[in-house]
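Asks: Fold the following for me, if possible:
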Amino acid sequence: MIALLIVLLAPTPADAALDAAVQCYADLDYACAEARLAEALAGELSPEREVQARLHEALLALAWRDEPRARRAVRALYAIDPQHRAEGVPPQLARLLEEERPPPPPPPRLLARADFRASFLFGQDADRWSDGLGVEGGVGLLLFDALVLEAAATWSDHAPKVFSLRGLTLWSVAAGAGLRARLGPLRLSGGLNMGLAHIGADGVLIDQDDYAVLIEAPFDLHWPLLAGFGPGVRVAPRLLLVDDADRAAASYILPVMIGLRYGD
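Replies: Numbering: from 1, shown residues only. Modelled structure (predicted):
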């Protein structure tokens with residue numbers, strides 16, 4: 001057992017090389033420090049030790065008056081630990097550390113939209129009802145400049161294709177998450193939403209109300225033009241799962257929307 005502990009606690013070759021590099025640097029033997037540091041970085045170091053290695057790489061680069069290399073070492077350091085705070089370093093390295101420090105994550109930002117909506121039906125639903133028009137509105141948050149959380153509500157109206165029906169309205173609420181990316185001046189997002197829908201069918205003799213589980217995969221394109229406001233288009237293929245003997249077990253709808261967006 002003692003032998004096993006000795007093996008586990010013994011420094012790795014990379015750790016030993018890093019310790020030697022630190023000592024060589026302290027002795028102002030920069031050639032030795034370079035050789036041992038290269039050996040350490042070629043091996044396996046813990047994140048904390050690799051931060052130490054990158055810090056000494058930057059110190060060596062500045063000793064050789066190679067600022068571009070020092071900046072690369074500082075960037076590699078921050079790739080491991082973006083919150084690293086070095087103390088007691090020379091002023092030139094302190095300046096590089098501040099200049100290359102990653103910016104803090106952006107705060108959450110409000111997103112909102114209001115759309116006119118055309119809903120295209122398929123299958124058995126398309127045989128009974130026409131495609132419909134409606135509106136949709138949504139609010140959400142943009143986190144870390146990439147993650148979108150949104151809640152939305154929709155309403156659409158459909159005319160009948162058979163004499164026994166008079167009209168159909170569809171209400172729904174949904175919430176979900178997605179990712180957003182910048183494409184030049186445009187903002188492209190996509191994700192997955194789930195929610196509930198109410199289907200109200202007005203018949204000549206009797207009305208019928210159904211409830212459905214809603215699943216949709218929206219794709220949204222926004223062009224912010226002024227203070228975050230701008231036009232946008234959205235396509236959100238959706239699936240309604242309905243438990244009713246007179247209706248298709250699954251209804252497929254393709255909503256296409258155009259409207260106003262807010263949120264850069």
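Asks: Do you have the helices of the stretch 101-250 of the chain handy? List them.
Replies: Counting by DSSP state H, counting those that start in this stretch, the segments of the stretch 101-250 of the chain that form helices are 123-128.
Asks: which intervals of the chain have sub-threshold pLDDT?
Replies: For the chain, the stretches with pLDDT under 70 are 1-11, 163-165, 203-207, 244-248.
Asks: Number of residues surrounding residue 78?
Replies: 16 (other C-beta atoms under 10 Å). (Glycine included, C-beta is placed from N, CA and C.)
Asks: Same question for residue 128.
Replies: 19.
Asks: what sits against residue 243?
Replies: Residue 243 makes contact with residue 249 under the criterion C-beta atoms under 8 Å, 6 or more residues apart in numbering.
Asks: Chain neighbours aside, what residue packs nearest to residue 63?
Replies: Distances taken as C-beta to C-beta, 6 or more residues apart in numbering place residue 30 nearest to residue 63, at 5.4 Å, with adjacent residues excluded.
Asks: Give me the number of neighbouring residues for that neighbour.
Replies: By the criterion of other C-beta under 10 Å, residue 30 has 15 neighbours.
Asks: Restricting to C-alpha, output stretch 115-125 in PDB.
Replies: These are the backbone C-alpha positions of stretch 115-125, laid out as PDB (Å, rounded to 0.1, in the frame of the first residue of the first chain):
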ATOM      1  CA  ASP A 115     -46.000  37.700 -36.700                       C
ATOM      2  CA  PHE A 116     -48.700  37.300 -39.300                       C
ATOM      3  CA  ARG A 117     -49.100  33.600 -39.900                       C
ATOM      4  CA  ALA A 118     -50.200  31.400 -42.700                       C
ATOM      5  CA  SER A 119     -50.800  27.800 -41.700                       C
ATOM      6  CA  PHE A 120     -50.800  25.000 -44.300                       C
ATOM      7  CA  LEU A 121     -52.600  21.700 -43.600                       C
ATOM      8  CA  PHE A 122     -51.900  18.200 -44.800                       C
ATOM      9  CA  GLY A 123     -53.600  14.900 -45.000                       C
ATOM     10  CA  GLN A 124     -57.100  14.300 -43.600                       C
ATOM     11  CA  ASP A 125     -57.100  17.800 -42.100                       C
END
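Asks: my read: residue 233 touches residue 218, true?
Replies: No - counting by C-beta atoms under 8 Å, residue 233 sits too far from residue 218 to count as a contact (11.0 Å).
Asks: Settle it for me: which of these two has more neighbours?
Replies: residue 218 (24 against 15).
Asks: any idea how far residue 234 is from the residue nearest to residue 63?
Replies: The spacing between residue 30 and residue 234, counted by C-beta to C-beta, to the nearest Å, is 59 Å.
Asks: For residue 15, see how far away residue 44 is.
Replies: Remark: distance between residue 44 and residue 15 (C-beta to C-beta) = 9 Å.
Asks: Equivalent analysis for residue 97, please.
Replies: Look at residue 97 and residue 15: by C-beta to C-beta, they are 24 Å apart.
Asks: One more: residue 209?
Replies: Note on residue 209: its distance to residue 15, by C-beta to C-beta, is 70 Å.
Asks: so what are the domain limits for the protein?
Replies: Per the record, the chain has its domains at 2-100, 109-262, by automatic domain parsing.
Asks: Can you give me the first-to-last residue distance of the longest one?
Replies: One end of domain 109-262 sits 10 Å from the other (C-alpha to C-alpha, to the nearest Å).
Asks: distance between it and the chain's centre?
Replies: On the basis of C-alpha atoms, centre = their mean, to the nearest Å, domain 109-262 sits 22 Å off its chain's mean C-alpha point.
Asks: Check which helices and strands the lengthiest helix in the chain is in contact with.
Replies: Counting residues, the longest helix found in the chain (DSSP state H) is helix 47-63. Contact here means 3 or more C-beta pairs under 8 Å, 6 or more residues apart in numbering; DSSP states H and E; on that basis helix 47-63 packs against helix 13-26, helix 30-42, helix 67-80, helix 91-100.
Asks: Kindly recompute the last result at 6 Å.
Replies: Applying 3 or more C-beta pairs under 6 Å, 6 or more residues apart in numbering; DSSP states H and E, we find helix 47-63 packed against helix 30-42, helix 67-80.
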